[in-house]
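**Q** Sharing a model that was predicted from the sequence below.
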Amino acid sequence: MKDSIKIEVIDREGVSSTIETKVDPENNLMEVCKENDFPIRGNCGGMALCCTCHCYIHSDHSLKGKEEIEEALLADSFYYKDNSRLVCQIPITKDIDGLKIELAPDN
Ligand code: FES
């Protein structure tokens, strides 16, 4: 696929899959995971309000920093870890090619 990137996703059973998606900075990783049938609810539609897209980042990519709202929501999560992110806040850019994420437990 031209202008596409690959993302490795580890599901809640520990199974790893690689998905390929078109670069589109208007789209985000929560939507791409949903399109690929991963059980991410995305209840707030990507507004950083629900925490149902909580994932752990397992690669060394330099991602866009967390906004205050994301940081606050994650800090309240029972499953918070240092590598926690809300993947609805990660746009689909070339920079995240090869990113490895793991779905956090469902809230
Ligand atoms: S979809 Fe609600 S916080 Fe990401």
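**A** The structure has been received and is ready for your questions.
**Q** And the strands in this structure, which stretches?
**A** 4-10, 16-22, 24-28, 54-57, 84-86, 91-92, 100-103 (DSSP state E).
**Q** Which neighbours in the sheet does the third one have, and how are they oriented?
**A** Spelled out, that is strand 24-28. strand 91-92 (antiparallel) (DSSP bridges).
**Q** likewise the second one?
**A** Here strand 16-22 has these sheet partners by DSSP bridges: strand 4-10 (antiparallel).
**Q** Could you give me the buried positions within the strand it pairs with?
**A** 5, 7, 9-10 (16 or more other CB atoms under 10 Å). All C-beta atoms are positioned from the backbone trio N, CA, C, and that covers glycine.
**Q** would you list those residues in CSV and tack on pLDDT and distance to the ligand?
**A** Converted to CSV, those look like this (pLDDT from 0 to 100; distance: CB to the nearest ligand atom, whole Å):
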residue, pLDDT, distance to the ligand
5, 98, 20
7, 98, 16
9, 98, 15
10, 98, 18
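**Q** Tabulate those in CSV, adding columns for distance to residue 35.
**A** Converted to CSV, the buried residues of strand 4-10 look like this (distance: CB to CB, whole Å):
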residue, distance to residue 35
5, 14
7, 12
9, 12
10, 17
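**Q** With respect to residue 83, which of these is nearest?
**A** Top of the list for closeness to residue 83, among those and by CB to CB, is residue 10 at 12.4 Å.
**Q** thought that closest one was touching residue 16?
**A** Yes: with contact defined as CB atoms under 8 Å, residue 10 counts as touching residue 16 (4.9 Å).
**Q** pLDDT score assigned to residue 107?
**A** pLDDT for residue 107: 69.
**Q** Name the stretch among the strands of the chain that sits most buried.
**A** Each of the strands of the chain was scored by mean neighbour count; the highest is strand 84-86, a mean of 24, by mean count of other CB atoms under 10 Å.
**Q** Relative to that one, what are the paired strands and their orientations?
**A** Short version: by DSSP bridges, strand 84-86 pairs with strand 54-57 (antiparallel).
**Q** Quickly check: the partner strand near the ligand or not.
**A** No: Strand 54-57 stays clear of the ligand (CB under 6 Å from any ligand atom), getting no nearer than 7.7 Å.
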